[in-house]
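[1] what would the 3D arrangement of this be:
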Amino acid sequence: MAAIAPCLWFDGQAEQAARFYVGIFPDSGIDLISHYGEGMPFPAGTPMLVEFRLRGQRFQALNGGPGVPFTDAISLSVNCADQAEVDRYWDALVADGGRPVQCGWLKDRFGLSWQIVPEAVIRMHKQGNAEQLGRMMAALVGMVKLDLAALEAAYAGETR
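    Have a look, this model is predicted:
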């Protein structure tokens with residue numbers, strides 16, 4: 001069966017981005033770096049394609065050139081076991097030029113959008129009734145980085 005690997009387009013920063021990402025997530029690594037040759041869009045020797053893994057998921061980073069920026073139409077969603085994991089991934093991805101957005105979303109320093117989501121939020125979506133989900137989602141939309149304790153309290157109907 002063929003695997004599906006997202007291919008992320010960069011303007012000369014593919015290897016730098018891949019190394020940044022694999023330095024953040026466990027079970028990650030760079031598997032291959034191919035380079036441009038003579039007469040190609042980038043100088044010979046510039047990384048062309050970087051194949052890498054994040055938490056076991058394959059990705060490709062392509063140095064494709066300018067004019068194709070990331071948009072909010074796609075993001076990478078990271079399921080986190082607890083608040084400590086949310087904090088760790090959040091802080092690492094906004095470091096050195098990234099920026100918080102809203103509702104658990106951020107943009108890293110390369111402009112790629114990420115969602116940092118506690119697994120409990122997914123569980124609440126699967127198990128909750130409309131009232132519980134409404135309270136939890138009302139709390140969530142007012143947050144930037146997600147606060148798991150506050151979300152669980154809202155879900156349970158507790159005021160804080």
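
[2] ok now do the residue positioned nearest the centre of the chain, which residues does it touch?
    Nearest to the centroid of the C-alpha atoms of the chain, with distances taken as C-alpha atoms, centre = their mean, sits W114, at 3.2 Å. Residues near W114 by C-beta atoms under 8 Å, 6 or more residues apart in numbering: 75-78, 89, 93, 105-108. C-betas here are computed from N, CA, C, even on glycine.

[3] can you give me the helices in the chain?
    Taking DSSP state H to define them, one finds helices in the chain at 14-22, 83-94, 119-127, 130-140, 148-156.

[4] for the chain, give me the ranges with low pLDDT.
    Across the chain, the ranges flagged by pLDDT under 70 are 1-2, 160.

[5] so how far is G128 from the residue nearest to the centre of the chain?
    24 Å (C-beta to C-beta, to the nearest Å).

[6] with D87 instead?
    24 Å.

[7] again, but for R99
    31 Å.

[8] of these two, which one has the most company?
    Shown here are R99 and G128; by other C-beta atoms under 10 Å, G128 has more neighbours (15 against 11).

[9] which residues sit in contact with the more buried one?
    136, 155.

[10] again with Q83
    118, 147-149.

[11] which one of those residues is nearest P69?
    For the contacts of Q83, the residue nearest P69 by C-beta to C-beta is P118; the value is 29.0 Å.

[12] for the closest one, give its distance to E15.
    From P118 to E15 the distance is 31 Å (C-beta to C-beta).

[13] out of the two, which sits in the more crowded spot?
    A direct count of neighbours by other C-beta under 10 Å for P118 and E15 places P118 higher, at 23 against 20.

[14] contacting residues for L62?
    7-10, 14, 48-50.

[15] weed out the non-buried ones from those residues.
    8, 10, 14, 48-50 (16 or more other C-beta atoms under 10 Å).
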